[in-house]
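Asks: mind looking at a prediction? Sequence and model below.
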Amino acid sequence: MELERAQKIADAVVKRLAPHCSRIEVAGSIRRKKPQVNDIDLVLIPQDPWSLHGELMKLGQLKMSGKKIVRVIVGSTQVDLYIAEPETWATLLLIRTGSKENNIRLATLAKNKGWHLAASGDGLFDGTGKRIAGDSEESIYEALGLAYQEPWERN
């Protein structure tokens with residue numbers, strides 16, 4: 001679907017879910033401003049998981065519901081909601097924004113240093129398992145020796 005249509009759907013979903021979240025943001029290809037979008041990715045921190053689940057049930061057809069991801073079909077559009085905690089927010093937003101190629105590049109740079117970029121959102125870890133970045137997207141780029149890239153530059 002076209003970016004403009006996807007953005008409208010994403011904005012409507014965010015508006016409905018925001019009262020039940022302490023934080024929510026659009027990720028994926030919408031955040032990267034790709035002209036064509038396959039699905040909608042949101043990263044959120046639930047404020048009240050019970051009321052959030054209730055709102056999700058009203059939103060559309062629930063296809064998958066787990067601790068880390070919820071998939072709901074809104075109309076005919078797949079919406080993937082990635083559940084974060086304050087500590088995992090920035091890394092999860094980075095990973096779920098993509099692009100796939102950018103994630104591979106960052107993970108490869110980390111691996112070449114003997115580090116690990118956790119796709120779970122836990123952060124960037126050195127060879128001893130110590131978390132060295134992940135409080136912000138910028139912190140991960142900085143630790144890897146890269147200039148920060150805005151989401152739309154990550155395609």
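Replies: Great, that's in hand.

Asks: what are the contacting residues of the helix or strand Leu44 falls within?
Replies: Leu44 is part of strand 40-46 when elements are defined by DSSP states H and E. If you take CB atoms under 8 Å, 6 or more residues apart in numbering as the criterion, strand 40-46 is touched by 6, 9-10, 13-14, 17, 20-31, 52, 74, 77-86, 89, 92-93, 96-97. For every residue, glycine as well, the C-beta is placed using N, CA and C.

Asks: repeat that for stretch 117-131.
Replies: With contact meaning CB under 8 Å, 6+ apart, stretch 117-131 is reached by 68, 82, 84, 87-89, 91-92, 95, 103, 106-107, 110, 113-116, 132-135, 139-140, 143-144.

Asks: which residue sits farthest out from the middle of this structure?
Replies: When each C-alpha in the chain is compared with the mean C-alpha position (CA atoms, centre = their mean), Thr128 comes out farthest, at 26.3 Å.

Asks: now it: which helix or strand?
Replies: Secondary structure here is read from DSSP H and E; on that basis Thr128 sits in neither a helix nor a strand.

Asks: per-residue pLDDT, it?
Replies: According to the per-residue confidence, Thr128 scores 96 in pLDDT.

Asks: what's the angle from the longest helix along the chain to strand 40-46?
Replies: Looking only at the chain and at elements set by DSSP state H, the helix with the highest residue count is helix 3-17. Per axes from the mean of the first three to the mean of the last three CA atoms, to 10 degrees, the angle that helix 3-17 makes with strand 40-46 is 20 degrees.
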